[in-house]
Each structure stands twice: as C-alpha cells, then as structure tokens.
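Participant: Predicted model follows, preceded by the sequence.
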Protein chains: 2
Amino acid sequence: MLDSRLTIVDIAREAGVSSATVSRVLSERPNVKAATASRVRAVVDKHGYQPNSIARGLLQRQSRVLGIIMPDIKHPYYAAIFSAAQREAENIGSVAQLYRLDYNSAVTGEFIRRLIERRLDGTLLTGGFIESPDALNLPDVLARLRQYMPIVTIGPAIPGFQCERVWPDLPSGTRRAVEHLSALGHRRIAFIGATSDTRSVGEREQGFREACERLGVEATLLYESMHNPAAGEDCAVRLARGFPPRRRPTAAIIVNDLMALGALKGLRGLGLAVPDDIAVIGCDNQFFSAYTVPALTTLDINAPELGRLAMRRLIGGEDQQEDDQDAAPRTITVEPTLIIRESCGARGVNKQRKGGGTT
Amino acid sequence: MLDSRLTIVDIAREAGVSSATVSRVLSERPNVKAATASRVRAVVDKHGYQPNSIARGLLQRQSRVLGIIMPDIKHPYYAAIFSAAQREAENIGSVAQLYRLDYNSAVTGEFIRRLIERRLDGTLLTGGFIESPDALNLPDVLARLRQYMPIVTIGPAIPGFQCERVWPDLPSGTRRAVEHLSALGHRRIAFIGATSDTRSVGEREQGFREACERLGVEATLLYESMHNPAAGEDCAVRLARGFPPRRRPTAAIIVNDLMALGALKGLRGLGLAVPDDIAVIGCDNQFFSAYTVPALTTLDINAPELGRLAMRRLIGGEDQQEDDQDAAPRTITVEPTLIIRESCGARGVNKQRKGGGTT
DNA sequence: TCACAACTTGAAAAGGTTTGCAATAGGCAA
DNA sequence: TTGCCTATTGCAAACCTTTTCAAGTTGTGA
C-alpha cells in the first residue's frame, strides 16, 4: 500500500504550484496555463496519483453512488434490472450499489439509515417489500428517506406515498395473454400467482378477470406463496389434481417464467402434455425461456428497459431543484410484449381445439 | 432534502455537549456518563440525525466498500458469486460494489483508476478477463492495484502475479465426470469448451484428457467462442453432423449449464435423444438445471461458496499488516460435486449400453 | 483533609479535496 | 509610461467526522 498516502499537496509541492492549481488541472478547468498544466500532469503521471474521491465527496456533498434496493440479485429478473440500471449510472461516472432486502421483509428505519449514512445520491427501489400490504409504515419510512435523496420505484403505486415510478402495464399485458388464449379456443383459463408480490400480482389478476369476463372465459385463480420453480411444480399438481378432467382449465397464465419452468416440469411428470392438455404462458422472457420444453410463450416485461428508465429518472431527479417540488411525480409505463413460442399452442401444435385463430 | 445538512455539531450544541461527546455516544464508547448519553440520544432521535459516513471514511481512511469485478451479473454463475460475497461484506457493515468488465476486455489502467479513486477497502476479481492470454500487462496492472488495496481472485492462477485465490479443483471435477461416464460404458466422450475463458477451460481440458487416457476413452474436443445457450446449440450441430454415426461421441461434457441448456435443445431438434444417443454432463448446477428435459447432470462448482470464501479472505486480508507481506499468498481449493440427474443416463434410462455401473 | 486514581468531557487537529476571493502577472491601448 | 482588463495562481476556508491529549470532576482510602 505504497503511494496511497500521496495527497494533492505532495503533488503540488513537487510541481511547484499550489494544491488549488493541481485540482484545477485534474478537473480540467480551462483557466490554467498550458505549461503549468503539463508540468503538473507530469508529476501526477510519474506517481500515478489518484485523487481521493471520498474527500471530494465530502466537500461536494455527493457520493456518486446510487443505491438499488432489491430482494435477490440471483433472480434473473432482478439481475436484468440491476444490470441495465448500473450501466446508466456508469455513464455519468457514478456507481450502483446493491442493497438486499428480502421479499418479505419490511423497509425499516434501520434499513434506510444505512442508505442515509452513506449519503447516496439517490435510491431505486424494487421488489415485493414495496408491495406488502402490511407494511403499514412504508409511506412514513420512504418519506423520511426522500428528505435525503430522490427516490424512484419500479413497482406498483404505493398508497400514501407518491413518487417517480416506472412500471409495465400489467393489466393490459395480461389481458392480451387472455385474448391470445381465447382466440386459440380456450374457454377455461387459470391464473397462477404468488402472494409474495401482492400488488403487482393484483394488477395482473385485474387484467385477467376483466378479459375473462369480457370474453366469456371461465377464470380460475391459484396462488402459491413464492414465485420460484418449486412453487411452479406445486401448482401443476393443484392444476392436475384439483379439477375433474372435464372442468380442468385448458390453459394457465403464470406470474413469471421461473414458476412456469417448474410448472412445465410438474405437468410433464403428471403426464399432462403442454400445450395440448394445458397451454402455458409465462412472464418475463428469461434467457432460459426459449429453451424449455416446449419453448415458453411469455409476456416480456422488458426488465432492462425498466431498469434503464428508472435509473435515468433517478439521475435526472438529482438535478431538478426544489422549484418543481410540487410537480406530481410521474409514472412511466412500459408496454409488455407477448412473445409467442410453443407452450401456448399457437404454433399449430394443437389441431384438436375447436375455435380460434392462427394457422 | 431537509435535515440532511444537520451535522454533529448541531446535535452537540442542542444537547449542550461537545461534538466529541456526541461522536462517542454514537459509536457506543463506554466512557460516557449514562445521563449525558441519553440526553444526546434524545436529540439524535428527535432529528433523526445520521452521521455522514463519507466524513468518517475520510478520517479513518476506509470507505467500507469492497469492489467486485465481474463480467456479467446477469449470468447466474456470477450472480451466485456476487450474492454470496455481498452477504459476507454486509456482515461486517461494508457494502459490495459491482464493477462490470466484459469477458473480453482487458483490465486497463484506466479501469483500476476508478477503483483506486474510490479508495475501496479491497477488490474481488473474477471472470474471463483474468484469463485472457493476451492480457500481457495484467500482472503490472494488478500489482499497481495491490499497492492500494488487497486483492483476491476467483479464478485460475495468473502467471506473473501471485495473489490470494479461491478456485474449484476443475481437473479433479472433470476427471470425475469422465470416470462417471466411463463407468456407464461410454467409450467416446466429447469435451465442449469455450474459448472465452481460456485458462479455466484449460484446467478442465487437462483433467478430461488425463482421465480419458487413463481409462482408454476416445477424447474429442470441441470449442465455441462463448459459453451461452446459443453456442450450446451450435455445438450440438457440430456433434450431430461432424461425425459418422459410428464414430460419434456417445457423451459430452459441457463447460457450463447455460451452454448445456442450448445443447439439449439443439440435440432434441436434430432428433438425437439425451441420454440414449448422447449423454450430457454440464457444469454449475444452476437453478434451471433440475428443470431441463431431461434433468441435467452437472458438476456443481459451488459458486456461492467461492464467493463467500473469497470475500472472507478479502476481509481478513485488510487486517493483516505488512509483517506477513512476504508470506506466499494462499489458494483455497473448493471441491466440486457431481450432481447426478437424468441427462447422463445413470438413472437407468439407457439399458442398451454394454458396460458399467449403476442400477 | 489530602493524595491519588478513575471517570467524563472539551478543545483542537487531522483527514484530502474544492472553490471563493484576492493578488499577481501579463497584454494592450492610450 | 500609465491605466485597465484578463488570464493565472495562491491562500484559506469549508466539508463533517474522529481521536488525541489534557483538563476537570468525582470518589476512595488513609
């Protein structure tokens, strides 16, 4: 750990100038004589001197760190958001810092204390903890956090707390999935959700119900607590065993691809063919979704876009001053895309169905 | 952004003490009278005062931030490492900061400048960029970085640069995979690698060759440039079309599960049954690997353990002073585990094979 | 009552930068 | 040569803590 104690005054002394001048050279201010600048730069390069951004941060009252709060970076959906958001932060010379907050935990005062302590330049929040209905003090806690830094969420609206927000139009996307299945002739469709993400699942459920009602489709709702492959396997069992064959849903819309992955396995294990016995539509368009058997039809939420837009928002929010404090926070809506593969049966696999659509 | 300008001296003034005392109370030093302490705490709580960790960091010469450098957090292998490492950092009140460095890019001086500038407390490096054979200045760059902070890598040894290192025993793991296949009766086995991770793939190849030679197995080597599902699909084609049926390998060991996922799809598309026509063994034991068709037999590298151990190492390394500077850096070896599922044919699927093993 | 130790507290320095203000130097026109 | 304007540069304050050192306070035993 050699030169790390080298400071700007050491450089200044060696270059025969003041530390102010070195600082100006380093931050490429125009008002330095060319000769001086190059002399300073020579000394800087010679020692490989690197200014201490902590000291700078202290003075400038900014850390150039943006916080991203999410439950689980191992979940590919969150990884996609994080990766895209981080790239945006990088573009302006900041860095994204991940703070983990489990699906079911509450945003506590203790938790945001850690963010405040670090003097983050802003925070991006996403995950089930935003949605939990029993997180009663969430608005208070977030309001407190906002006293210190701008906040953007990727998630459904939080009652009692208005803030900048980026979110897909889930009701619309789910509606489209139902329409697609209905057009393929399905008359009994199941919606498979997870209770861990109450509100965002609620939005989908709403779109699901609306579309089913409008199209005269019989709607079935099944809930698992988590949205992982194991839960998907469980719900396959409930789907297969929970109904007399005649009344069993002929299609299922599943809250995410991870769960759908498990469901595919579960259905296969129970001897049900996808899509012939049960058509399946997932959500998220994960990297593995094109490789399942059969390839998964899925609602692409465009997670990278969510992350990108939210981070842009956050970065923009830093600049804007108190003058538009009272401007109502905006919500950016991202339209999901239905990616049609094999698991919904649209690719001509199930000829035996009566109604609808595609060749 | 209300109270954020509140400093320790404001608190001190209101509590009628000096800032030194407030500091002592906040860091829970024992030498403060109970009455004073509670008076201070009352004021602190009243305002929700939160000390500025940037100022503290400046004084204590540490940022409580640990850098993790990896190519792609979206890759589940890296996500697993990051997640585990981050948890360790959290345990000591630090936070992990992700720095992205693409598979093929070099560790440049410019890149490490960003780490030094932030005065990280340490850096964890992992990814193809460590391995690239043409990264000629890598030892120099890393040596420079080490002047500023401890370094731990998760990866194969870097010629010309010794440092703390955590790594699975890949030759041994690969050997075990070959032995397993050989015991099942396979006499022609393919090794499918990726050129993007030269050295780590080299280690596997070495184990592969050794085991094949020892067991009298005919070894075939195939290389793709990347290790993603698309590349896996490509190699399936090369496997299916590149050999006369009689001489085609009856099993393939694939460098990771992502690639194996693509290979399974590719083989299926070409009408080759797994494991009956070609047995497949992947690597990494990803969350999706139990859900492929057929379920993937895979060499579990134990990525979380790698991340955990490396981060512990890094944290420990901060403490140790110059006295054991010359102690040779240690390598921690993690033993991989072969997870046997269906794709290798050990589960009694392929009765027609002559030799070997399991019931 | 005194000596001494132990406990509390405050003053001030230190950490490494950036930046407002003032001073100096240099150039040009009168 | 003088006066004025601009381009450079340096001084010193500011950012917000922590920590050392010393001073003040309290308590105990003789």
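Facilitator: Ah, there it is. Numbering: from 1, shown residues only, chains lettered A, B, ... in the order given.
Participant: which stretches of the stretch 1-150 of chain A aren't confidently modelled?
Facilitator: A:1-4, A:133-134 (pLDDT under 70).
Participant: just the helices in it please.
Facilitator: Using DSSP state H, counting those that start in this stretch, the helices assigned to the stretch 1-150 of chain A run over residues A:8-15, A:19-26, A:34-47, A:53-60, A:76-91, A:109-117, A:138-148.
Participant: Could you list every helix and strand in contact with the fifth one?
Facilitator: Okay, so that is helix A:76-91. strand A:65-70, strand A:95-100, strand A:122-126, helix A:303-319, helix B:76-91, strand B:95-100 (3 or more C-beta pairs under 8 Å, 6 or more residues apart in numbering or on different chains; DSSP states H and E). (Glycine included, C-beta is placed from N, CA and C.)
Participant: Give me the contacts around it.
Facilitator: Outside helix A:76-91, the residues that touch it by C-beta atoms under 8 Å, 6 or more residues apart in numbering or on different chains are A:66, A:68, A:70-73, A:95-96, A:98, A:124, A:126-127, A:154, A:256, A:258, A:284, A:286-288, A:301, A:303-308, A:310-312, A:315, B:72-74, B:76, B:79, B:98, B:100.
Participant: Kindly report the residues of chain A close to DNA strand D.
Facilitator: A:16-21, A:24, A:30-37, A:55, A:58-59, A:61 (C-beta under 7 Å from any atom of the strand).
Participant: For DNA strand C, tell me which of these show up nearby.
Facilitator: Okay, of the residues of chain A next to DNA strand D touching DNA strand C (C-beta under 7 Å from any atom of the strand), that's A:19, A:20, A:24, A:55, A:58, A:59.
Participant: how about CSV for those, with neighbour count added?
Facilitator: Formatted as CSV, those follow (neighbours: other C-beta atoms under 10 Å in any protein chain shown):
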residue, neighbour count
A:19, 15
A:20, 10
A:24, 18
A:55, 16
A:58, 19
A:59, 9
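Participant: which two in those residues are spaced the farthest apart?
Facilitator: Pairwise distances across those peak at 18.8 Å for A:24 and A:58 (criterion: C-beta to C-beta).
Participant: sorry, back to before: residue A:250: which of the helices of the stretch 1-150 of chain A is closest?
Facilitator: Closest among the helices of the stretch 1-150 of chain A, using C-beta to C-beta: helix A:76-91, at 27.4 Å.
Participant: now the closest one and strand A:65-70, what's the angle there?
Facilitator: Going by axes from the mean of the first three to the mean of the last three C-alpha atoms, to 10 degrees, helix A:76-91 is angled at 170 degrees with respect to strand A:65-70.
Participant: May I see the buried residues of helix A:76-91?
Facilitator: A:76-86, A:88-89 (16 or more other C-beta atoms under 10 Å in any protein chain shown).
Participant: secondary structure class for residue A:287?
Facilitator: coil (DSSP: H, G, I helix; E, B strand; the rest coil).
Participant: how about it, what does it touch?
Facilitator: Taking C-beta under 8 Å, 6+ apart, one finds A:76, B:74, B:229, B:258 in contact with residue A:287.
Participant: Most neighbours among the residues you listed, please name it.
Facilitator: When neighbours are taken as other C-beta atoms under 10 Å in any protein chain shown, the top entry among the contacts of residue A:287 is residue B:258 (29 neighbours).
Participant: Surely that one is in contact with residue B:226?
Facilitator: No: contact between residue B:258 and residue B:226 fails when scored by C-beta atoms under 8 Å: they sit 9.5 Å apart.
Participant: same question for stretch A:344-359, mean pLDDT?
Facilitator: Averaged across stretch A:344-359, pLDDT comes to 50.
Participant: correction: stretch A:157-175
Facilitator: 94.
Participant: For chain B, tell me whether it is touching it.
Facilitator: No: applying C-beta under 8 Å from any C-beta of the partner chain, one finds stretch A:157-175 separated from chain B by no less than 14.2 Å.
Participant: and what of stretch A:272-282?
Facilitator: No: if you take C-beta under 8 Å from any C-beta as the test, stretch A:272-282 misses chain B, and the best it gets is 11.1 Å.
Participant: With stretch A:132-151 instead?
Facilitator: Yes: remark: stretch A:132-151 sits within contact range of chain B at A:144, A:147, A:148, A:149, by C-beta under 8 Å from any C-beta.
Participant: and the closest residue in space to residue A:135 that isn't next to it in sequence, how many neighbours does it have?
Facilitator: Ranked by C-beta to C-beta, 6 or more residues apart in numbering or on different chains and with sequence neighbours excluded, the top spatial neighbour of residue A:135 is residue A:106, at 4.9 Å. Neighbour count of residue A:106, defined by other C-beta under 10 Å: 16.
Participant: pretty sure residue A:169 contacts residue A:332?
Facilitator: No: between residue A:169 and residue A:332 no contact is recorded; they are 10.7 Å apart, counting by C-beta under 8 Å.
Participant: mind checking how far the residue nearest to the spatial centre of chain A is from residue A:71?
Facilitator: With distances taken as C-alpha atoms, centre = their mean, residue A:81 lies nearest the centre of chain A, 4.3 Å away. According to C-beta to C-beta, to the nearest Å, residue A:81 and residue A:71 sit 11 Å apart.
Participant: The stretch 101-250 of chain A: strands as residue ranges?
Facilitator: Here the stretch 101-250 of chain A has its strands, by DSSP state E, counting those that start in this stretch, at A:122-126, A:151-154, A:164-168, A:188-194, A:218-224.
Participant: Including mean neighbour count and distance to residue B:185, could these go into CSV?
Facilitator: Listed next are the strands of the stretch 101-250 of chain A as CSV, based on neighbours: other C-beta atoms under 10 Å in any protein chain shown; distance: least, C-beta to C-beta, whole Å:
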stretch, mean neighbour count, distance to residue B:185
strand A:122-126, 26, 50
strand A:151-154, 26, 52
strand A:164-168, 22, 51
strand A:188-194, 24, 42
strand A:218-224, 17, 41
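Participant: out of these, nearest to DNA strand C?
Facilitator: Closest to DNA strand C of those is strand A:122-126 (C-beta to the nearest atom of the strand; 19.2 Å).
Participant: Got phi/psi on residue A:331?
Facilitator: phi -120, psi 130 (degrees, to the nearest 10).
Participant: That one - nearest residue in space that isn't next to it in sequence?
Facilitator: Nearest to residue A:331 is residue A:165, by C-beta to C-beta, 6+ apart, at 4.5 Å.
Participant: List the residues that contact the one you found.
Facilitator: So residue A:165 contacts A:152, A:153, A:154, A:155, A:157, A:329, A:330, A:331, A:332 (C-beta under 8 Å, 6+ apart).
Participant: How many residues are close by the fourth one?
Facilitator: This points to residue A:155. 20.
Participant: Is it correct that it is in contact with residue A:201?
Facilitator: No: the criterion here is C-beta under 8 Å, and residue A:155 misses it with residue A:201 at 11.7 Å.
Participant: can I see the domain layout of chain A?
Facilitator: Taking automatic domain parsing as the domain assignment, the ranges for chain A are A:62-162+A:303-335, A:170-300.
Participant: right, so these: which one is the most enclosed?
Facilitator: Of all the domains of chain A, domain A:170-300 carries the top mean neighbour count, a mean of 21, counting by mean count of other C-beta atoms under 10 Å in any protein chain shown.
Participant: The residue nearest to residue A:331 and residue A:334, how far apart?
Facilitator: On the measure of C-beta to C-beta, residue A:165 and residue A:334 end up 11 Å apart.
Participant: same check, this time on residue A:174
Facilitator: Distance from residue A:174 to residue A:334, by C-beta to C-beta: 14 Å.
Participant: Show me the beta-bridge partners of residue A:188.
Facilitator: residue A:218 (DSSP bridges).
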